[in-house]
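> need a 3D model of the sequence below.
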Amino acid sequence: MLPALLQNAGRIHEYVTELLRESGGTFEIKGPWFANRDMLVTGDPANVNHILCRNFQNYPKGPRFRKIFHVLGDGMINVDSELWELHRKTTTPLMNHDNFRTSLERNVSQKMENGMFPVLEHYAQQGTHVDLQEIFHRISFDISFQQFLDKDLGSLCVDPTGDHPILEAIRDGVNAILYREILPECCWKLQKYYWIDREKKLTQAGETFDNFIYPILEERTEQLNNKTQQQLHDSGMLTSHIEAHQGKSMQFLKDTFLTLIISGGETTASTLTWFFLLLAQNPQVEAKILHDILQLKQDKKVFKVEECQKLTYLHAAFCESLRLFPPVPLNHKNPMEKDILPSGHVVTPNTKIIMPFYSMGRMDTVWGEDCMEFKPERWISPDGGIKRQPSYKYPVFNAGPRTCIGRDMAFTVVKMVAATIICHYQFQLVELHHPQILFTDSMILKKKHGLKVKLIKRK
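Numbers count the residues shown, from 1 in each chain. Here you go, the predicted model:
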């Protein structure tokens, strides 16, 4: 099967989708004997439910996952058992607190007012195209760093001097992780030993993370130790995490914040990019969203959370966009013990199980014959609200105990940004000789060549 996989490497997501359709939802890949890469690929919701929910304990992250995502250390997505439970017990209440929601709304509003609007206005007046994917990447990370580390990167501006070093490090790190996932361990270990190619960039990225985050942690820790009056009333994520993890090392705190920032920033940028691509391709959906926005008679420049909650069709459109373009297109697991999946397939600790969420959203056996259509209406319930789908059928935010705790934060950010842009600007797609949708080499679903549009300010 290796020749066919190599031949379709440039369109791997579509190729896997085709194989799943032909095989009834699950198929096995036999790799070369020396690579130890036998895999089982399944988009069967029953199998996904079994792995992520019903038999969750038999499918931990495990040591191999930790090797691949070594740069994230003891962050939440990397650990199992007691350490994972500690992260959940600490972070979940903090992210559900009213103070977190209030500060998030404030940070998003300020970043749009002071960062996004000047940039969009500049390109609208110039009449030149702008890469929305880059805009969304910068605003997402500016918001994430502000929200979790009280640090404004200021990367989104009219005339940037270049990529911020920390953003460049994140790009290099995410790309290198993909190749650790694909290549046999011996290959990337050789690159690491000789300090070449992506492993060199990954090592340099780790050093950049350390040099950027440790001083912030040390400064805030010192302030807390001095117990200044200002810090006694600080209930932000940075202070709250430091106080909640007293006794933990600085490295643990760094891993914690780095994981939250990367997972939140990357997925938010991806979600916004694919959403606006689909809107450009489906103007009737944009028209309905704009109609709902105008019904609110919004006089302010930026939409707030309360106003976005009234935009049901906008929420449904985001659900539909995430179905077709999930930010994290696949998940993988290795069972601790031999197991039999609902499909009848036998898996052992040597079996790597791939769950392609991208493909699951495009299977007619899961979503019906119109699965390739962008139809927000499929998410509207008869009473006019949002129709819920089981997470193992719609695992965009994962499923089971490891369901993403940042789901509400993600919807808050993307809806505020999208509603505000749609209200103030029209956008026309500029393909630049790349009409076919191509993906970058990344663990996150990103559009190759960016999302080039021309902006026109609405009257």
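
> D150 is in contact with G236, isn't it?
Yes - with contact defined as Cβ atoms under 8 Å, D150 counts as touching G236 (5.8 Å). From N, CA and C alone the C-beta is placed, and that goes for glycine too.

> where is the longest helix in this protein?
When the chain is parsed with DSSP state H, its longest helix is helix 250-281.

> name the helices or strands packed onto the helix or strand R198 falls within?
Element membership for R198 (DSSP states H and E) is helix 197-226. Here helix 197-226 touches helix 165-182, helix 185-194, helix 229-232, helix 237-244, helix 250-281, going by 3 or more Cβ pairs under 8 Å, 6 or more residues apart in numbering; DSSP states H and E.

> that helix to helix 250-281, inter-axis angle?
Orientation note: helix 197-226 sits at an angle of 120 degrees relative to helix 250-281 (axes from the mean of the first three to the mean of the last three Cα atoms, to 10 degrees).

> buried set for helix 197-226?
198-199, 201-206, 208-209, 212-213, 216-217, 220-221, 224 (16 or more other Cβ atoms under 10 Å).

> returning to that earlier point: the helix or strand just after the longest helix of the chain packs against which elements?
With elements assigned by DSSP H and E, the helix or strand that comes after helix 250-281 is helix 283-295. Applying 3+ Cβ pairs under 8 Å, 6+ apart, one finds that helix 283-295 contacts helix 250-281, helix 312-324, helix 407-424.

> buried residues in the very next helix or strand once past helix 283-295?
Per DSSP H and E, helix 283-295 leads on to helix 305-308 as the next helix or strand towards the C-terminus. Neighbour counts over helix 305-308 (16+ other Cβ under 10 Å) mark V305, E307, C308 as buried.

> same list, the helices and strands packed on helix 283-295, but as JSON lines with mean neighbour count and distance to G73 please.
JSON lines is the format used below for the helices and strands packed on helix 283-295 (neighbours: other Cβ atoms under 10 Å; distance: least, Cβ to Cβ, whole Å):
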{"stretch": "helix 250-281", "mean neighbour count": "22", "distance to G73": "3"}
{"stretch": "helix 312-324", "mean neighbour count": "22", "distance to G73": "28"}
{"stretch": "helix 407-424", "mean neighbour count": "22", "distance to G73": "22"}
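
> could you dump those helices to TSV with mean pLDDT and distance to R101?
Listed next are the helices and strands packed on helix 283-295 as TSV, based on pLDDT from 0 to 100; distance: least, Cβ to Cβ, whole Å:
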stretch	mean pLDDT	distance to R101
helix 250-281	97	14
helix 312-324	98	17
helix 407-424	96	7
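
> and the ones you listed: which comes nearest E369?
helix 312-324 (14.9 Å; Cβ to Cβ).

> what angle do that closest one and helix 250-281 make?
Using the same axes, to 10 degrees: helix 312-324 against helix 250-281 is 110 degrees.

> lovely, talk soon.
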